[in-house]
Structures are given as C-alpha cells and as structure tokens.
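K.L.:
here is a sequence with its predicted model. Questions after.
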Amino acid sequence: MESNELKLQLKKQIIQFLNLLDVSPENIKDDAPLFGEGLGLDSIDSIELLVLLKREYGIDIKDPKEGRKVLVDINTMVAYIEKNRTK
C-alpha cells in the first residue's frame with residue numbers, strides 16, 4: 001500500500017475508533033499534532049490508538065515512551081506502520 005493510501009486509511013480508522021463524529025479525514029493534517037492543540041486527543045485516546053495499531057497492523061507497543069514517539073502525527077504513525085507492520 002502506498003503511503004498516501006495508508007495515511008487516508010489511518011485517518012478513517014482514527015475517526016472510527018475514537019468516534020470523532022465531527023471530523024473528516026480532510027480535517028486531519030498529516031503533520032498536525034494528534035494531541036494538544038492539533039487534533040486534541042487525550043491519554044485515553046492514546047490507548048485506543050495503540051489498540052488500533054495492534055488490531056489493524058499487528059504492532060504491539062508496550063513501552064509508553066515508544067508510544068509517545070509513534071503517536072505524534074499521521075506522518076510519524078504511517079512511517080512506523082510501514083516499518084513495523086506484521087499484517
């Protein structure tokens with residue numbers, strides 16, 4: 001799968017997994033922070049994103065420090081998925 005396709009797929013999955021009813025994939029910029037001022041996610045959402053990575057891509061992140069490095073923005077998540085996916 002091409003990076004741009006994966007980015008769109010991941011955005012759709014984030015919207016679905018986190019029930020972001022008022023957000024569309026076009027609203028999520030590839031380099032905008034997922035937490036804080038960007039998409040505005042919180043620590044509970046980070047757990048859901050880690051579940052998403054495990055369920056959809058076979059990536060199991062157990063170390064919170066590694067999780068913080070991966071869950072920065074869409075670009076960072078896609079690069080990590082492309083490098084580490086097992087599904």
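P.N.:
Received it, and whenever you're ready, just let me know what you need.
K.L.:
quickly note the distance from Arg68 to Gln13.
P.N.:
20 Å (C-beta to C-beta, to the nearest Å). C-betas here are computed from N, CA, C, even on glycine.
K.L.:
and if you look at Pro25?
P.N.:
Distance from Pro25 to Gln13, by C-beta to C-beta: 10 Å.
K.L.:
and if you look at Leu34?
P.N.:
For Leu34 relative to Gln13 (C-beta to C-beta), the value is 13 Å.
K.L.:
between the two, who's got more neighbours?
P.N.:
The neighbour count for Leu34 versus Gln13, taken as other C-beta atoms under 10 Å, is higher for Leu34 (20 against 17).
K.L.:
please report the distance of that one from Arg55.
P.N.:
Leu34 is 18 Å from Arg55, by C-beta to C-beta.
K.L.:
same check, this time on Leu18
P.N.:
Taken as C-beta to C-beta, the span from Leu18 to Arg55 is 14 Å.
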